[in-house]
Structures are given as C-alpha cells and as structure tokens.
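K.L.:
Predicted model, plus sequence, below.
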Amino acid sequence: MTPERGRADPQPLHQAAWPDMFANLQTAYAELAQAQFELQERVGVIQEARDLFQQVIASMSEALF
C-alpha cells in the first residue's frame, strides 16, 4: 500500500472517462458559483435588516421592554 494514495493499486483513469469527469467538474463548479451568489445576496438582505433594526432602536427616545 502506498502512503500517498491510501490504496494498494490505484486503477489508472481511462482517457475515455475524462470528458465526463470534466463535464461533472464544470457542473459542480457552476452549482457552487450559483450557491455562493445566492448566499451573498442573502447576507446583503440580512445586513440591511440588521442596519434598519439598529436605526429603529437608536431612534427610540424611551426604553423598550
């Protein structure tokens, strides 16, 4: 067993499988990029809501219980 791989005999990748693997990687990358974009949008919405809430609390002249 080789310490780098963790297996006794890794099977070589067949060149015929490369296009499918590449397509799968492209799809996964596109999905991750979309998820990142959506998360960034959600963070922006949450930050805006937090800022508005802080402004409302700061503008109140009486204590809120």
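P.N.:
Here it is on my side, so go on. Computed from a predicted structure; not experimentally measured.
K.L.:
Relative to residue 29, how far out is the residue positioned nearest the centre of the chain?
P.N.:
The centre of the chain sits closest to residue 36, judged by Cα atoms, centre = their mean, with a distance of 4.5 Å. To residue 29, residue 36 is 10 Å away according to Cβ to Cβ, to the nearest Å. (Glycine included, C-beta is placed from N, CA and C.)
K.L.:
With residue 19 instead?
P.N.:
Shown here: residue 19 relative to residue 29, a distance of 16 Å by Cβ to Cβ.
K.L.:
roughly how far is the helix or strand encompassing residue 20 from the heart of the chain?
P.N.:
Here residue 20 sits within helix 18-59, counting by DSSP states H and E. Mean-position distance between helix 18-59 and its chain equals 7 Å (Cα atoms, centre = their mean, to the nearest Å).
K.L.:
And for stretch 53-65?
P.N.:
Centre to centre, stretch against its chain (Cα atoms, centre = their mean), the figure for stretch 53-65 is 35 Å.
K.L.:
For it, give the mean pLDDT please.
P.N.:
Across stretch 53-65, pLDDT averages out at 81.
K.L.:
Dump it to CSV, restricted to CA.
P.N.:
Taking C-alpha atoms only, stretch 53-65 is exported to CSV below (Å, rounded to 0.1, in the frame of the first residue of the first chain):
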residue,chain,number,x,y,z
PHE,A,53,-33.3,47.4,13.2
GLN,A,54,-30.3,49.2,14.8
GLN,A,55,-31.5,52.6,13.4
VAL,A,56,-35.0,52.0,14.8
ILE,A,57,-33.6,51.1,18.3
ALA,A,58,-31.2,54.1,18.2
SER,A,59,-34.0,56.5,17.3
MET,A,60,-36.3,55.5,20.2
SER,A,61,-36.3,58.0,23.0
GLU,A,62,-37.9,55.7,25.6
ALA,A,63,-36.7,52.3,26.8
LEU,A,64,-38.3,49.3,25.1
PHE,A,65,-39.4,46.5,27.4
